[in-house]
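Participant: no sequence on hand, only this structure:
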């Protein structure tokens, strides 16, 4: 550290070629008056830049006139110590060639009128962070700046941290009207409003206006934007940010305020006021027009405006359909707001190149929102909640017209799924960011993106890539330098994913952080991505040994199920056939074609259906019909006599069974060998079980050739239920047999 009060003549005598000197931080007590010895500094003939502390009551003596090359003076308290409270009108009188003056953060309370107006070469002036100056000091600061070469004016933080909103008046900008200033910065000033007409006092050379970190509210001053014909950058970002805590509470600050006289007028007479009012009304019509139809408003923006910063401005609303007339617009930054629904479309945004809508709590984007964004090259939509809107876009309509897109950021959006044609027209895309979503499958077509360089899929739920996705990415690997980040996904490592693991291992140099990839906890095998080759060999070996087991097991299981199914069909074939018939019968009933009585019908057409084989026809004619029909009075169904013509045999049997109260089967060996008699017997059994709910519906007459042999399986359950009679061998017992049978049938009918 050099004690600046101890410098002496000749100290810099040998530094004749020195162009820049910094003596910052060499004043320990910034409030103690310190003399800057101008005769010592006069030895620096080539000095162009001087960075020095600004002690209280600082002056620059006549010795500085000898430094004819001095152009830049930095007294800022940000990079050193600065504590002078006033700038007199002649403070810089001995430095006439200054082009750059920085007196920021010097605790300045006042600046005399015209203090900077004598520096005819002055281009850059910074009075920022002198919190007690207030906007009321601007007339003094800007006095006679029209006689300088001023280009940049910085007045950030020239108001106290806390307090009610401030306002820029026309008188504050009045001295700038005839300058060639191109950039003004008034950030962190609690600025809430501008007096209408204030913007119109700025010269046409204005290129950049920055009002960031204020508390701007809407007002009539917005209409003055139309007069900023050559503006390129307009910054209104970070509005309504609370002042720093606790500094804003304990600060001792009293900014200078305007004292206006009641008779102070900016219009000389009533005629001028009337003209200004008419001009304002006309300007409103020009600024807000209706170009497409009465429902779609068009905003006319200065043609030269290229960049608009509106981030962190607490914009709270939807983005409806509207238009902008901004042929020079190139960049729009509206992140960190509350634009919660993007409906659109926005007409006239064809020339916008960069748009940032990140972190806007948006949950909906319409399919037409980007309809006119043909020129968009960079689009950032991260940290929203538009996953549902994207998942529902199965045809890829949202990004259909963004044909110039190069960078697309959709990270942190709760995206569960993306359709294959989602990015179908993004042939120029270079970077696609989808990290921290919930994608579990990847089926997006990307093989048409010949310029793609990076796809970020980290922190999703991807477990594998299908063959189609692998083929698509392989094509891109061959013609581009594409790299993909899949870190944070839990891959499925099993025999089913061998093909995927072999593919990703083969292109490991294309996958960022490949060695850090991991298998999911549900994987059946271990796989070490840091030793992928050996892990892949081991996995293939294990899967080959399992393959034989899988094949044998699969065949055995298939055979077992086939046997079980066959047994089931065989065991229940009659029930299945009966159910099918009943289903057909009900269908006919619904369509009005059924003539068969239902199960709960009180009467039947036949008392008894006689089931017999062809060999027993003579027995039926000579014994059964005379005994049961002629003598007992039963109405019999005898197929050779009563079977209707024109229907199938199976259908005729089922109709006869359902039209009869009872079925009597003449069971002989020929009966048991007959296919149709087997059908009659089993369908009668099904009718008894399913519909009549009693096996007594069927009665068997077992002839001697059956009784003396083994009972067949078809008749076993009926025999167990005693639903049978044995036909006698002796002729003398025939009468008793028929009487007993007739009595038994009549007894059953009574119940």
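Facilitator: Sure, I can see it. Fair warning: this is a prediction, and the values are worked out from it, not measured in the lab.
Participant: wait, is residue 653 part of a helix?
Facilitator: Yes: remark: residue 653 belongs to a helix, assigned using DSSP: H, G, I helix; E, B strand; the rest coil.
Participant: remind me which residues of the stretch 1-150 of the chain are low pLDDT?
Facilitator: 1-6, 28-34 (pLDDT under 70).
Participant: what's the answer for the stretch 551-700 of the chain, then?
Facilitator: In the stretch 551-700 of the chain, residues with pLDDT under 70: 573, 585, 588-602.
Participant: ok, 80 please
Facilitator: Within the stretch 551-700 of the chain, the segments meeting pLDDT under 80 span 551-552, 568-603, 689-695.
Participant: kindly report the same for the stretch 251-400 of the chain.
Facilitator: In the stretch 251-400 of the chain (pLDDT under 80), the answer is 251, 259-296.
Participant: how about the helices in it?
Facilitator: Taking DSSP state H, counting those that start in this stretch as the test, the helices found in the stretch 251-400 of the chain are 270-287, 387-391.
Participant: and the shortest one, what does it pack onto?
Facilitator: With contacts defined as 3 or more Cβ pairs under 8 Å, 6 or more residues apart in numbering; DSSP states H and E, the packing partners of helix 387-391 are strand 364-365. Where you see a C-beta, it was placed from the backbone N, CA and C, and this is true even at glycine.
Participant: the strand it packs on pairs with which strands, and in what direction?
Facilitator: Sheet pairing for strand 364-365, assigned by DSSP bridges, gives strand 338-342 (parallel).
Participant: buried ones in the partner strand, by neighbour count?
Facilitator: Using 16 or more other Cβ atoms under 10 Å as the test for burial, strand 338-342 gives 339-342.
Participant: which helix is the longest one in this protein?
Facilitator: In the chain, taking DSSP state H as the definition, the longest helix is helix 532-571.
Participant: neighbours of residue 78, how many?
Facilitator: Per other Cβ atoms under 10 Å, the neighbour tally for residue 78 reads 14.
Participant: the chain should start at 49 in everything you say after this.
Facilitator: Taking 49 as the first residue, the last one we looked at is residue 126.
Participant: find the centremost residue of the protein, please.
Facilitator: Residue closest to the average C-alpha location in the chain (Cα atoms, centre = their mean): residue 435, at 2.1 Å.
Participant: surely it meets residue 464?
Facilitator: Yes: in terms of Cβ atoms under 8 Å, residue 435 counts as a neighbour of residue 464; the distance is 5.8 Å.
Participant: just checking, what packs against the helix or strand containing residue 522?
Facilitator: Taking DSSP states H and E as the criterion, residue 522 maps to helix 515-527. Judged by 3+ Cβ pairs under 8 Å, 6+ apart, the packing partners of helix 515-527 are helix 546-554.
Participant: how far does the helix it packs on sit from the chain's center?
Facilitator: 29 Å (Cα atoms, centre = their mean, to the nearest Å).
Participant: partner strands of the helix or strand following that helix, with direction?
Facilitator: For helix 546-554, the following helix or strand on the C-terminal side (DSSP H and E) is strand 559-560. Strand 559-560 has its sheet partners listed here by DSSP bridges as strand 531-533 (parallel).
Participant: just the residues contacting the partner strand, thanks.
Facilitator: For strand 531-533, contacts defined as Cβ atoms under 8 Å, 6 or more residues apart in numbering pick out 483, 501-506, 521, 558-561.
Participant: could you identify the most distant pair in the buried residues of strand 386-390?
Facilitator: For those, the farthest-apart pair by Cβ to Cβ is 388 and 390; their separation is 8.6 Å.
Participant: give the residues shared as contacts by the two.
Facilitator: Listed as contacting both residue 388 and residue 390 by Cβ under 8 Å, 6+ apart are 366, 410, 412.
Participant: show me what the closest residue to residue 258 other than its chain neighbours is bridged to.
Facilitator: Distances taken as Cβ to Cβ, 6 or more residues apart in numbering place residue 283 nearest to residue 258, at 4.0 Å, with adjacent residues excluded. Bridge pairing for residue 283 (DSSP bridges) gives the partners residue 258, residue 357.
Participant: can you tell me how far residue 283 sits from residue 204?
Facilitator: Going from residue 283 to residue 204 by Cβ to Cβ, to the nearest Å gives 11 Å.
Participant: between these two, which contacts overlap?
Facilitator: Residues touching both residue 283 and residue 204 by Cβ under 8 Å, 6+ apart: residue 235.
Participant: how far off centre is the strand of greatest length in the chain?
Facilitator: Ranked by residue count under DSSP state E, the longest strand found in the chain is strand 708-715. Here the centre of strand 708-715 is set off from its chain's centre by 73 Å, with Cα atoms, centre = their mean.
Participant: list the helices and strands that strand packs on?
Facilitator: Here strand 708-715 touches strand 654-659, helix 723-734, strand 746-750, helix 782-798, going by 3+ Cβ pairs under 8 Å, 6+ apart.
Participant: buried ones in the helix or strand that comes right after the first one?
Facilitator: In this case it means strand 654-659. Per DSSP H and E, the first helix or strand lying C-terminal to strand 654-659 is helix 665-667. Neighbour-count burial for helix 665-667 flags residue 667 (criterion: 16+ other Cβ under 10 Å).
Participant: list the contacts of helix 665-667.
Facilitator: 660, 688, 714.
Participant: need phi/psi at residue 172.
Facilitator: Backbone torsions for residue 172, taken as degrees, to the nearest 10, come to phi -130, psi 120.
Participant: what about it, distance to residue 224?
Facilitator: Residue 172 is 15 Å from residue 224, by Cβ to Cβ.
Participant: and those two? which has more neighbours close in?
Facilitator: Higher neighbour count among residue 172 and residue 224: residue 224, with 21 against 17, using other Cβ under 10 Å.
Participant: so that one touches residue 252, yeah?
Facilitator: No: with contact defined as Cβ under 8 Å, residue 224 does not count as touching residue 252 (11.6 Å).
Participant: circling back to that earlier point, what are the contacting residues of the longest strand of the chain?
Facilitator: Against strand 708-715 from outside (Cβ under 8 Å, 6+ apart): 652-661, 664, 667-668, 672, 685, 705, 719, 725, 728-729, 732, 735, 745-751, 754, 763, 772, 793, 796-797.
Participant: OK, contacts around residue 115?
Facilitator: Here residue 115 is in contact with 89-90, 92-93, 95, 98, 143 (Cβ under 8 Å, 6+ apart).
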